[in-house]
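**Student:** how does the following fold in three dimensions:
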Amino acid sequence: MKRWLLFAAMSFVMSTAMAQDNLYIVKTKGIKKGAAENTRRVSDETEPTDFMGKNFRYYSMCDWKEGMRFMVVPEKFDLLVNTFRDAETGKEVGNGTLRHCIMVYQGHKMLSNGRVHINFYCEDDGKSYYFVQPFGTFEDYCYSKMGVPTLAYLGDVDKAREVLLNQPLLTRTQHFRVDTDYDSDNYRDILVDKNMLVTVKAIGVGSRTYPVKIIVEDENGNQFYQNVCMSKTNSGLRDDAVSTETDIYNFAGSFEFLGANMTVSSNIREYLNETVHTKYVTTMSSKGSGKVRDVKVPRFTGFIIDEITPVRNSKYYTLTMRETESRRVYYKDVLFTDDDETEGAREDFFGYIFGLGEGEARNTSKETRAAIREGRVITGMSKEEVEMALGEPFKKTYDSQGDEIWQYTRSNGVILDVLFDEKGYVTTAKARKASDEPVKITSAKSKRSAKSRGGHTTKSSSNSSNSSTSSNSRTSRTSWTSGNATPLEQIASGSY
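**Tutor:** Residues are numbered from 1 along each chain as shown. Prediction:
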């Protein structure tokens, strides 16, 4: 008994030393080891359409090719029954001794006595080992899916690193784990919220059956993990095992892609994290009080694009965006190419709705931006800002003092007269019904001229009554020069 305990202790020490610089051994945050930990990251270059099918192909032993890599990850019962023999001495080697050794497949060999050796080379100690096939021919055994005990397939781990590292995911289960010790596989079960946003921080080896250990981090910096099966290569699982998406040890049972950004083409994906602004009033969806509602979004509202999700069986993409000032989340379905525009309304075309950057309105004051978004004109606006708010005027004219007047008309019969000073800034804006006489606008310049003439102005008798009518009209209307300017629709309805 003492010899067995001594042997087990020596095996554990050797395996721990072997694991110190092993890139496939990853732990959740806070678990420390003696030496500095090396990490490996692989850039995301894959754009699969069928994520599991394309990236994680199942290989039966009959299809194994020399050079395929595995790792010895013994379970508790594997410490009692040895898997490998030393190719040089023919003696059994304890699985604890080979724990975390990376085994490279070297093919199989049929012996004269009918036995079959499955040969491997250990990258860590430079030695060769073999597994004795327990029964039958190689062809009979390889189709049985029993595989080689203790070996976790590293091809799945490498591919998962390539396509999942730093990806945002949503949790689909509440059940996850946290490491409790660096030098062992001990863990603690925890519960988290479903549909929680997490980011993949590390991927390593889990177990033979569930070889891909995915460590994720939530928005508060908490890390936890799940061991999942991908291709089932050498997992020892039957075809019907872990076959449903609800099984937490299936990738789809634990995680869900946050909008399938991985299926978006590279030219469209370039818009991710870009700042854009609305060029026109448009309808978007926004979540408030737990419900998603359609809302009207004003012009020149700035957004950051967080996610681009392809809509199934359609050329549309759903944009998930954060408003730059309020940080509120909005959703908008768009088309990205001119050819796609014919499929839907013009207002669905990305290039029509959005402009890159925060827009010219961001160079104005907050008060002016609010007026632009609401389609109002306020004192001090430049001509460019008036165009942002109302568009091109239907008519441009000048008063007797040479100051420019822009006139805007609407289908409800309301006309807005906007007067600019000599520097091109709004001094006055008055609204009237089209049936009314044009409002007599006196600029500051003309007032100064009248004062210099003794404070008197001469008017013909024919204009006198018009002036009186116009004066009454002005006193009954709210000025468009105030911060709470009267909308055109209010004037048309007579609610002013």
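**Student:** give me the neighbour count for Leu319.
**Tutor:** Burial of Leu319 is recorded as 23 neighbouring residues (other CB atoms under 10 Å). From N, CA and C alone the C-beta is placed, and that goes for glycine too.
**Student:** what of the one 3 residues further on?
**Tutor:** Other residues near Arg322 come to 16 when the count uses other CB under 10 Å.
**Student:** that one contacts Phe303, doesn't it?
**Tutor:** Yes. When contacts are counted by CB atoms under 8 Å, Arg322 is listed as touching Phe303 (6.5 Å).
**Student:** where do the contact lists of the two overlap?
**Tutor:** Residues touching both Arg322 and Phe303 by CB atoms under 8 Å, 6 or more residues apart in numbering: Tyr330.
**Student:** grab the most central residue of the protein for me.
**Tutor:** Nearest to the geometric centre of the chain sits Glu307, at 3.8 Å (CA atoms, centre = their mean).
**Student:** grab the nearest non-local neighbour of that one.
**Tutor:** In this structure, Glu307 finds its nearest non-sequential neighbour in Thr320, 3.8 Å apart by CB to CB, 6 or more residues apart in numbering.
**Student:** repeat that for Gly302.
**Tutor:** Using CB to CB, 6+ apart and skipping residues adjacent in sequence, the residue nearest Gly302 is Thr324, 3.7 Å away.
**Student:** Gln106 versus that neighbour, what's the distance?
**Tutor:** 58 Å (CB to CB, to the nearest Å).
**Student:** okay, these two: which has more neighbours?
**Tutor:** Gln106 (18 against 15).
**Student:** the more buried one: helix or strand, and which one exactly?
**Tutor:** strand 102-110 (DSSP states H and E).
**Student:** strand partners (parallel or antiparallel) of that strand?
**Tutor:** Paired strands of strand 102-110, with direction, are strand 69-72 (antiparallel), strand 116-122 (antiparallel) (DSSP bridges).
**Student:** what packs against the host helix or strand of Ile405?
**Tutor:** Using DSSP H and E, Ile405 maps to strand 404-409. On a contact count with 3 or more CB pairs under 8 Å, 6 or more residues apart in numbering; DSSP states H and E, strand 404-409 meets helix 383-390, strand 395-398, strand 414-420.
**Student:** coming back round to it: got a markdown table for the strands paired with strand 102-110, with mean neighbour count too?
**Tutor:** Shown next, in a markdown table, are the strands paired with strand 102-110 (neighbours: other CB atoms under 10 Å):
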| stretch | mean neighbour count |
| --- | --- |
| strand 69-72 | 24 |
| strand 116-122 | 20 |
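**Student:** could I get those strands as a markdown table with mean pLDDT and distance to Asp421?
**Tutor:** As requested, these are exported to a markdown table (pLDDT from 0 to 100; distance: least, CB to CB, whole Å):
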| stretch | mean pLDDT | distance to Asp421 |
| --- | --- | --- |
| strand 69-72 | 97 | 77 |
| strand 116-122 | 96 | 85 |
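**Student:** right, and the ones you listed - which one's nearest Glu88?
**Tutor:** strand 116-122 (12.0 Å; CB to CB).
**Student:** related to what we said a few turns ago, how about the strands paired with strand 102-110, which one is nearest Val212?
**Tutor:** Using CB to CB, the nearest of these to Val212 is strand 69-72, at 11.7 Å.
**Student:** other residues contacting the closest one?
**Tutor:** Under the criterion CB under 8 Å, 6+ apart, residues 24, 83-84, 95, 98-105, 120, 123, 148, 150-155, 205, 234 lie in contact with strand 69-72.
**Student:** please state the offset of it from the chain centre?
**Tutor:** Averaging C-alpha positions (CA atoms, centre = their mean, to the nearest Å) puts strand 69-72 33 Å from its chain's average.
**Student:** show me what the helix or strand following that strand is packed against.
**Tutor:** Counting by DSSP H and E, the element after strand 69-72 in chain order, helix or strand, is strand 84-86. Judged by 3+ CB pairs under 8 Å, 6+ apart, strand 84-86 is in contact with strand 92-93, strand 128-132.
**Student:** partners of strand 84-86, with directions?
**Tutor:** strand 92-93 (antiparallel), strand 128-132 (antiparallel).
**Student:** what sits against Gly204?
**Tutor:** Contacts of Gly204 by CB under 8 Å, 6+ apart are Leu23, Tyr24, Ile25, Val26, Val157, Lys213, Ile215.
**Student:** from Leu165, how far off is the fourth one?
**Tutor:** In other words, Val26. With distances taken as CB to CB, Val26 is found 11 Å from Leu165.
**Student:** between the two, which one's more packed in?
**Tutor:** Ranked by neighbour count (other CB under 10 Å), Val26 and Leu165 place Val26 first, with 22 against 19.
**Student:** how near is the more buried one to Val212?
**Tutor:** Relative to Val212, Val26 is positioned 11 Å away (CB to CB).
**Student:** overlap in contacts, those two.
**Tutor:** The contact sets of Val26 and Val212 overlap at Ile203, Val205 (CB under 8 Å, 6+ apart).
**Student:** and for Ala87, nearest residue in space, chain neighbours not counted?
**Tutor:** Of all residues not flanking Ala87 in the chain, Ser128 sits nearest, at 3.8 Å (CB to CB, 6+ apart).
**Student:** how about Gln106?
**Tutor:** Nearest to Gln106 is Asn119, by CB to CB, 6+ apart, at 4.0 Å.
**Student:** who are the contact partners of that neighbour?
**Tutor:** Shown in contact with Asn119 (CB under 8 Å, 6+ apart): Ala87, Tyr105, Gln106, Gly107, His108, Lys109, Ser128, Tyr129, Tyr130.
**Student:** give me the contact list for the strand holding Gln106.
**Tutor:** Applying CB under 8 Å, 6+ apart, the contact partners of strand 102-110 are 22, 24, 64-72, 116-124, 128-130, 133, 137-138, 151, 154.
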